[in-house]
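Participant: quick check, what structure comes out for this input:
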Amino acid sequence: MTCLFKKKYILPVIASAFLFIGVSFREDFFEVAKQIEIFTTLFKELNKNYVDETNPGDLMDKSIKGMLASLDPYTVYFNEQDVVKFKINNTGEYTGIGAMITRKNDKLIIKEPYKNFPADKAGLKAGDEIIQIGDILLSEFKDDAAQLFRGAKNTKIEVKYIRQGKTNTTQIVLDEVAIKSVPFFGKIDDKTGYIVLAHFNQKASLETKEALEQLKKEGAVRIILDLRGNPGGLLNEAVNICNLFVPKNEIIVTTKSKIEKHNNTYKTSKEPVDTEIPLVILVNGKSASASEIVSGALQDLDRAVIIGSRSFGKGLVQRPVDLTYGTQLKVTISRYYTPSGRCIQALDYARKDKNGIATKTEAKNYNAFKTQKGRTVYDGGGIQPDIELEETKTSPITEALQKNDGIFNYVTNYYYKNPNLGSQIPIFSDADFQDFKQFLKTEKYSFDTETELALKNTLAVAKKEKIDESIISEYQQLLTALQKSENNLLDKNQKEIKNLILDEIITRYQYQEGLYQYYLKNNSEIKKAVSVLNSSSEYKTILKM
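Facilitator: Residues are numbered from 1 along each chain as shown. The predicted structure follows:
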């Protein structure tokens, strides 16, 4: 491409080809060509002249990802390894170990082994720290370590890991893993069916339909669809799931873009399963994208009562574009709008503050829209539930505990101190909560709140400028006050934190299925949903039926 633009006689040909095209596009084209030539020249000279050996692939990977980081977080470049992951997320099927894992320092941490899949069969537990895969020490392997678990079915992989300070070994036999979009469904009572929709992959609508039809066969005459924590996925699957509950040819979502071909209207295309069955949808702050299409569309069509807390607010649509050498660009191509005309995008990535953070739409700037039956709904910040439950909102201190594994690490210790709980549901008492707080203190747990990080950064700068000795006393006073404040916040949000700890404990002993079984009788959002469905008058009043 560099040679193409260096040859002066080619430029007039290109220019004449665009003679009758708008001026702005012509200027954009030549600006793009100019910047490509600058970058190509720079890249070549850098690799040729830099004092040390360079890795061209690594340099290019980082430069592309740095460029895209200035846009929105959903426009991303996938190298060949990333493409494999992206396809797994969309299909829900792959060959691997069947576990949620995360990289931390020089170890892979098992966050959750899925029941009866290879990691589980090999005896691995949540909290296990994998330090070696085959002959490869993870401390010496800086690339994506998850790729070391890929291979053909029945491939045997030796693994070395640390559990509670002791080094162990096991053998994992790779197998086909299918991530279910609907990991659980069941009946809450004789009349109420409950469906958990966790992902929007290629089988989402099929699995939801099968669950719905099975529950109806078992006597369910009302349904709760749980979208809490569902980050989204395939747009067409969201449309198909809406189609289970609304008639054919109903508009579910519209996409709008500066490019005409990306402007589309998505309608239901099949006969529904049931357009009359009372329906409640549960959402929270982690329900995003396709989850918001489903909840927003069925709210606009007055087809479901939405309960929980305001959803995430992702109203942008991405499309994968294949590039050369097996790489891919996932690029934001449009915004989506619910049937009433709402775009629920919460962050404006075109307008960023001085720190490069996208600005959030303020509540006072939300615009009002009307559902089919005239109910008022708003855009700008996710889907606002018809019934908001304060207890479903997550406090900053709780988010810090989850982000930095405070709850996860405590429950790992709890699990090995209480090995015989089995199917019992433990009571997490006030004394247990004090034990949790002591654990955080003993482990010198850092909450890394914005205030705490700012304070630490201040000391770091002071050390650099060699003035830390003169402020260390004041720094310690501030740090002590901050820690006292964090301790008070732990007490203030004790109920919320205890519920999350109990959720994690149940999952350790009984997997996801056990947690959902527990939810059926004990979860506050589900209890509220059942209450609304039990009251025909309340349900109809909310939906203006």
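Participant: Thr54: neighbouring residues, count only.
Facilitator: 14 (other C-beta atoms under 10 Å). Every C-beta, even on glycine, is put in place using the N, C-alpha and C of the backbone.
Participant: what's the answer for Asn230, then?
Facilitator: 28.
Participant: measure it to Thr392 for me?
Facilitator: 14 Å (C-beta to C-beta, to the nearest Å).
Participant: so in this protein, which strand runs the longest?
Facilitator: Ranked by residue count under DSSP state E, the longest strand found in the chain is strand 328-337.
Participant: following that strand, which helix or strand shows up next?
Facilitator: strand 347-352 (DSSP states H and E).
Participant: that next one - what's its average pLDDT?
Facilitator: Across strand 347-352, pLDDT averages out at 80.
Participant: what does stretch 499-516 give?
Facilitator: 95.
Participant: tell me how far it lies from the chain's centre.
Facilitator: 20 Å (C-alpha atoms, centre = their mean, to the nearest Å).
Participant: and that stretch, what's buried?
Facilitator: By neighbour count with 16 or more other C-beta atoms under 10 Å, stretch 499-516 contains the buried residues 499-512, 514-516.
Participant: which ones are touching Thr376?
Facilitator: Counting by C-beta atoms under 8 Å, 6 or more residues apart in numbering, Thr376 touches Ala368, Phe369, Lys370.
Participant: for the second one, phi and psi?
Facilitator: Right, the one you point to is Phe369. phi -130, psi 170 (degrees, to the nearest 10).
Participant: ok, which stretches of the stretch 201-350 of the chain are strands?
Facilitator: Along the stretch 201-350 of the chain, counting by DSSP state E, counting those that start in this stretch, strands occupy 222-226, 251-256, 264-267, 279-283, 305-308, 316-322, 328-337, 347-352.
Participant: how about the stretch 351-500 of the chain?
Facilitator: In the stretch 351-500 of the chain, the strands defined using DSSP E, counting those that start in this stretch lie at 358-360, 368-370, 376-378, 387-388.
Participant: with respect to Tyr337, which of those lies nearest?
Facilitator: For Tyr337, the closest of the strands of the stretch 351-500 of the chain is strand 368-370, at 9.7 Å, according to C-beta to C-beta.
Participant: chain center to that closest one, what's the gap?
Facilitator: 28 Å.
Participant: which positions in that strand come out as buried?
Facilitator: Buried-residue list, strand 368-370, by 16+ other C-beta under 10 Å: Phe369.
Participant: partners of it in the sheet?
Facilitator: strand 376-378 (antiparallel) (DSSP bridges).
Participant: any idea which of the strands of the stretch 201-350 of the chain is most buried?
Facilitator: strand 279-283 (a mean of 28; mean count of other C-beta atoms under 10 Å).
Participant: picking up where we left off before, how big is the angle separating the longest strand of the chain from strand 251-256?
Facilitator: 120 degrees (axes from the mean of the first three to the mean of the last three C-alpha atoms, to 10 degrees).
Participant: contacts for strand 328-337, please.
Facilitator: 71-72, 74-78, 82-83, 86, 235, 253-257, 259, 262-264, 293, 315-323, 343, 345.
Participant: please redo it, this time with the cut-off set to 7 Å
Facilitator: For strand 328-337, contacts defined as C-beta atoms under 7 Å, 6 or more residues apart in numbering pick out 72, 74-78, 83, 86, 253-257, 259, 262, 293, 315-323, 343, 345.
Participant: give me the angle between that strand and strand 347-352.
Facilitator: Using the same axes, to 10 degrees: strand 328-337 against strand 347-352 is 110 degrees.
Participant: pLDDT of strand 328-337, averaged?
Facilitator: Strand 328-337 comes out at a mean pLDDT of 91.
Participant: so what strands line up beside it?
Facilitator: Sheet pairing for strand 328-337, using DSSP bridges, gives strand 76-78 (antiparallel), strand 251-256 (antiparallel), strand 316-322 (antiparallel).
Participant: thinking again about what came up before, now render the contacts of Thr376 as JSON lines, adding pLDDT and distance to Leu174.
Facilitator: As requested, those are exported to JSON lines (pLDDT from 0 to 100; distance: C-beta to C-beta, whole Å):
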{"residue": "Ala368", "pLDDT": "93", "distance to Leu174": "53"}
{"residue": "Phe369", "pLDDT": "95", "distance to Leu174": "50"}
{"residue": "Lys370", "pLDDT": "96", "distance to Leu174": "53"}
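Participant: what about the strands in the stretch 51-200 of the chain?
Facilitator: 76-78, 93-96, 99-104, 107-113, 129-133, 136-137, 156-163, 166-173, 175-178, 184-187, 192-196.
Participant: winner for burial among those?
Facilitator: Most buried among the strands of the stretch 51-200 of the chain, counting by mean count of other C-beta under 10 Å: strand 192-196, with a mean of 24.
Participant: just checking, which of the buried residues of stretch 499-516 belong to helices?
Facilitator: Using DSSP state H to define helices, the subset of the buried residues of stretch 499-516 located there is 499-512, 514-516.
Participant: doesn't Lys270 make contact with Asn243?
Facilitator: Yes: in terms of C-beta atoms under 7 Å, Asn243 counts as a neighbour of Lys270; the distance is 5.3 Å.
Participant: okay, the two: which has more neighbours?
Facilitator: Higher neighbour count among Asn243 and Lys270: Asn243, with 21 against 13, using other C-beta under 10 Å.
Participant: quick check: the gap between that one and Ile130.
Facilitator: 43 Å.
Participant: and for Val461?
Facilitator: 37 Å.
Participant: pLDDT value on Lys8, please?
Facilitator: pLDDT, Lys8: 39.
Participant: next one: Tyr539
Facilitator: 97.
Participant: swap in Ile133?
Facilitator: 93.
Participant: grab the nearest non-local neighbour of it.
Facilitator: Leaving aside its sequence neighbours, Ile133 sits nearest to Leu148 (C-beta to C-beta, 6 or more residues apart in numbering; 4.3 Å).
Participant: surely the one you found and Ile136 touch.
Facilitator: Yes: counting by C-beta under 7 Å, Leu148 touches Ile136, with 6.2 Å between them.
Participant: how about the contacts made by the closest residue to Ala198 other than its chain neighbours?
Facilitator: Of all residues not flanking Ala198 in the chain, Pro183 sits nearest, at 5.3 Å (C-beta to C-beta, 6+ apart). By C-beta under 7 Å, 6+ apart, the contact set of Pro183 is Val196, Ala198, Gln512.
Participant: dump those residues to JSON lines, plus distance to Lys403.
Facilitator: JSON lines is the format used below for the contacts of Pro183 (distance: C-beta to C-beta, whole Å):
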{"residue": "Val196", "distance to Lys403": "24"}
{"residue": "Ala198", "distance to Lys403": "20"}
{"residue": "Gln512", "distance to Lys403": "21"}
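Participant: what is the nearest of those to Ile223?
Facilitator: Val196 (11.8 Å).
Participant: does the closest one touch Gln517 like I think?
Facilitator: No: contact criterion C-beta under 7 Å: Val196 and Gln517 do not qualify, at 11.1 Å.
Participant: Thr192 contacts Val530, correct?
Facilitator: Yes: Thr192 is in contact with Val530 according to C-beta under 7 Å; the separation is 5.7 Å.
Participant: one step back: the longest strand of the chain: how far from the chain's middle?
Facilitator: Relative to its parent chain, strand 328-337 has a centroid offset of 17 Å by C-alpha atoms, centre = their mean.
Participant: likewise for stretch 309-328?
Facilitator: Counting by C-alpha atoms, centre = their mean, stretch 309-328 is centred 12 Å from the centre of its parent chain.
Participant: for Asn79, give me phi and psi.
Facilitator: Taking degrees, to the nearest 10 as the convention, Asn79 sits at phi -80, psi -170.
Participant: number of nearby residues for it?
Facilitator: Neighbour count for Asn79, taken as other C-beta under 10 Å: 19.
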